[in-house]
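Participant: Provided below are the primary sequence and the corresponding predicted coordinates.
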Amino acid sequence: GAVVSQHPSRVICKSGTSVKIECRSLDFQATTMFWYRQFPKQSLMLMATSNEGSKATYEQGVEKDKFLINHASLTLSTLTVTSAHPEDSSFYICSAREAQGASYEQYFGPGTRLTVT
Amino acid sequence: AQTVTQSQPEMSVQEAETVTLSCTYDTSENNYYLFWYKQPPSRQMILVIRQEAYKQQNATENRFSVNFQKAAKSFSLKISDSQLGDTAMYFCAFTLAPSNQFYFGTGTSLTVIP
């Protein structure tokens, strides 16, 4: 089956620093990847949609200058949290949609827990 | 606007029993796909079952089946012979074709009691 990996799985950083999270589709090509944020016991909140080779589309209320998304290849998208603050602490999940997929299914990564101290 | 409603924040079921999780959605579109995802304590999102809106037959995957009522915009999940490993958060979701965006419900936390 389609597998999506995320790295790192956990990261702790100091306030004011930046942290990069990688999302990779391991056995398929993904023209579109998605970044979600999830607070404890809540649903997934879509942050942005990234398409390979073009700028990401951010959801209303998501700061594009703070959450930098790059989708440089058909198998890799990165989310960089710039100048992180404690309120950015959360669980970040990426997903990918197969380029040739007809089912519109999204395949999810295992998530990254970010803690900003 | 597209919305998904899961009216049961928490449910529990005895091991080996059957449980049904409710989901309703709202869209004016006609071409869409519905999903149930499971998120266990590991927090990995796992696809449980998928239903194409144009198909009248309800989808089944082993112990999991859906009751898809298109006119009522209802998409409930039935879990038969519940197992301890079914303990998880369950999210109902749908996506419009050919759009990419998923619309998620707020989730139902299911606990299987031994």
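Facilitator: Received it, and whenever you're ready, just let me know what you need.
Participant: Point out the residues in chain B that sit beside chain A.
Facilitator: Contacts of chain B with chain A, taken as CB under 8 Å from any CB of the partner chain, map to B:33, B:35, B:37, B:42-47, B:50, B:89, B:91, B:95, B:97-98, B:100-102, B:104-107, B:109. C-betas here are computed from N, CA, C, even on glycine.
Participant: so A:Gly111 makes contact with A:Val11?
Facilitator: No. Look at A:Gly111 against A:Val11 with CB atoms under 8 Å: they stay out of range, at 11.5 Å.
Participant: more neighbours, those two?
Facilitator: Taking other CB atoms under 10 Å in any protein chain shown, A:Gly111 and A:Val11 do not tie; A:Gly111 has more neighbours (23 against 17).
Participant: can you tell me how far the more buried one sits from B:Phe64?
Facilitator: Here A:Gly111 is placed at a distance of 23 Å from B:Phe64 (CB to CB, to the nearest Å).
Participant: residues of stretch B:101-108 that come out buried?
Facilitator: Within stretch B:101-108, the residues that count as buried by 16 or more other CB atoms under 10 Å in any protein chain shown are B:Phe102, B:Tyr103, B:Phe104, B:Gly105, B:Thr106, B:Gly107, B:Thr108.
Participant: May I see the residues you listed arranged in JSON lines, with secondary structure and pLDDT as well?
Facilitator: Formatted as JSON lines, the buried residues of stretch B:101-108 follow (DSSP: H, G, I helix; E, B strand; the rest coil; pLDDT from 0 to 100):
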{"residue": "B:Phe102", "secondary structure": "strand", "pLDDT": "88"}
{"residue": "B:Tyr103", "secondary structure": "strand", "pLDDT": "91"}
{"residue": "B:Phe104", "secondary structure": "strand", "pLDDT": "95"}
{"residue": "B:Gly105", "secondary structure": "coil", "pLDDT": "96"}
{"residue": "B:Thr106", "secondary structure": "coil", "pLDDT": "95"}
{"residue": "B:Gly107", "secondary structure": "coil", "pLDDT": "97"}
{"residue": "B:Thr108", "secondary structure": "strand", "pLDDT": "98"}
